[in-house]
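**Student:** Okay, sequence plus prediction incoming.
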Amino acid sequence: DTARQKHLTFLEYSAGFDEEIRQRYALMNDLRLALAQRALHIELQPKVSLSDNRLIGFEALARWEREDGSRVRPDQFIPLAETAGLISELDQLVVELTCEAIKQLNAAGIDVPVAFNASSDELFDPDYFDTLIGTLKKYGVRPEQMNLEITESRAMESYEKIAPQLKRLIEMGMAVSIDDFGTGYSSLSHITHLAATTLKIDQVFVRQIGESPQAAQVVEMILRISERFGLNAVAEGVETLEQRDLLLAKGCRAGQGYLYSRPQRLEVLIDKLASNTVFTLPTPDEQG
Ligand code: C2E
Ligand code: MG
Ligand code: MG
Ligand code: MG
């Protein structure tokens, strides 16, 4: 009896396993199709000067809404794109959408850099940088209007190999940010090679800055490192006034997070920001 039960459990297990693989495969195919149809879009999240709530930039974030209106989250489809060999196509689409967004923002009188994310894998493609510069030229966007955010999808021991290309971008005027700094594989060697202009403090530290002395210390260390190497620092995931105040007190000057704005469609942001690029924050009372 127990043997029979075990057998059934195994069958159920393997059926579930097949189902998972089948779903993943279907999602992969949907993503391939969506990319071919350029059916992905971007939302922009403002970057803000912490001392005066002034808009200083945006980050473009990929969004995938399927035909039935359901959304797939980036932490699902980005890793999927990476394993399916679709990430460079996805990121190229996002660069193009970002260029289009910059032109529309400029037309509305808003001229701040817009960041886009690139998986570290594709930076090792020898054509990556020429393609990027070619795309900018095609759209008539200047390098200083963009900001490359490097997200790490694998160990970056061979970072030195792409450092000269990154330096070239920086010399052309483009900002280069190390995303989620303080976690994962981000290592000091990235910045000692000085192939970056900006460190983005990961949101796990920002979220805990008020409660965890360790998190607060990591934030302080990152700020000290950025000062030491002449880099900018941007705090990610700023959600409360308390976090903003602690960041300011530690010398962090820029941030991004729900306190200011969630990522939103360009049209919505243009409506809001065309006449006033200073954010109004909730009062401590309203925040509760
Ligand atoms: P990321 O580049 O570190 O982007 C920041 C993420 O934090 C975004 O998640 C954003 O929506 C979220 N966020 C911003 N402010 C807050 C906040 O105050 N609180 C909280 N809890 N979250 C906040 P999202 O859009 O889900 O993107 C997740 C990640 O997916 C990104 O992390 C980035 O690594 C990757 N990604 C997004 N778009 C692209 C893309 O076009 N290409 C590549 N290669 N990766 C992308
Ligand atoms: Mg990013
Ligand atoms: Mg990040
Ligand atoms: Mg991230």
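**Tutor:** Yes, it's here. Numbering: from 1, shown residues only. Ligands and ions are numbered 1, 2, ... in the order given.

**Student:** longest strand anywhere in this structure?
**Tutor:** For the chain, the longest strand by residue count, based on DSSP state E, is strand 54-65.

**Student:** what's the burial count for Gln76?
**Tutor:** 13 (other Cβ atoms under 10 Å). For glycine as for every other residue, the C-beta is placed from the backbone atoms N, C-alpha and C.

**Student:** so what's the nearest residue to it once chain neighbours are set aside up against?
**Tutor:** The spatially closest residue to Gln76, leaving aside those adjacent along the chain, is Leu27, at 7.9 Å (Cβ to Cβ, 6 or more residues apart in numbering). Going by Cβ atoms under 8 Å, 6 or more residues apart in numbering, Leu27 touches Val72, Gln76, Phe77, Leu80.

**Student:** For the stretch 101-250 of the chain, what lies in contact range of ligand 1?
**Tutor:** Within the stretch 101-250 of the chain, the residues that sit near ligand 1 (Cβ under 6 Å from any ligand atom) are Asn117, Ala118, Ser119, Glu149, Thr151, Asp179, Asp180, Gln203, Glu236, Gly237, Val238, Glu239.

**Student:** hmm, try it at 5 Å
**Tutor:** Residues of the stretch 101-250 of the chain lying close to ligand 1 by Cβ under 5 Å from any ligand atom are Asn117, Ser119, Thr151, Gly237, Glu239.

**Student:** Not counting residues beside it along the chain, what's closest to the third one?
**Tutor:** Nearest non-adjacent residue to Thr151, counting by Cβ to Cβ, 6+ apart: Asp179, 4.7 Å away.

**Student:** Just say helix, strand or coil for that neighbour.
**Tutor:** The local conformation at Asp179, judged by DSSP: H, G, I helix; E, B strand; the rest coil, is strand.

**Student:** Relative to Leu273, how far out is it?
**Tutor:** Taking Cβ to Cβ, to the nearest Å as the measure, Asp179 and Leu273 are separated by 24 Å.

**Student:** same question for stretch 45-62, mean pLDDT?
**Tutor:** Mean pLDDT, computed over stretch 45-62, is 98.

**Student:** and that stretch, anywhere near ligand 3?
**Tutor:** No: shown here: stretch 45-62 not in contact with ligand 3 (Cβ under 5 Å from the ion), separated by at least 8.6 Å.

**Student:** Can that stretch be said to contact ligand 1?
**Tutor:** Yes: residues of stretch 45-62 contacting ligand 1 under Cβ under 5 Å from any ligand atom: Leu61, Ala62.

**Student:** Relative to the whole chain's centre, how far out is that stretch?
**Tutor:** 13 Å (Cα atoms, centre = their mean, to the nearest Å).

**Student:** now stretch 229-240
**Tutor:** 13 Å.

**Student:** Quick check: buried residues in it?
**Tutor:** For stretch 229-240, the neighbour count (16 or more other Cβ atoms under 10 Å) marks Leu231, Asn232, Ala233, Val234, Ala235, Glu236, Gly237, Val238, Thr240 as buried.

**Student:** And the helices in the stretch 51-200 of the chain?
**Tutor:** 74-83, 87-107, 120-123, 128-139, 159-172, 188-192 (DSSP state H, counting those that start in this stretch).

**Student:** All set now, cheers.
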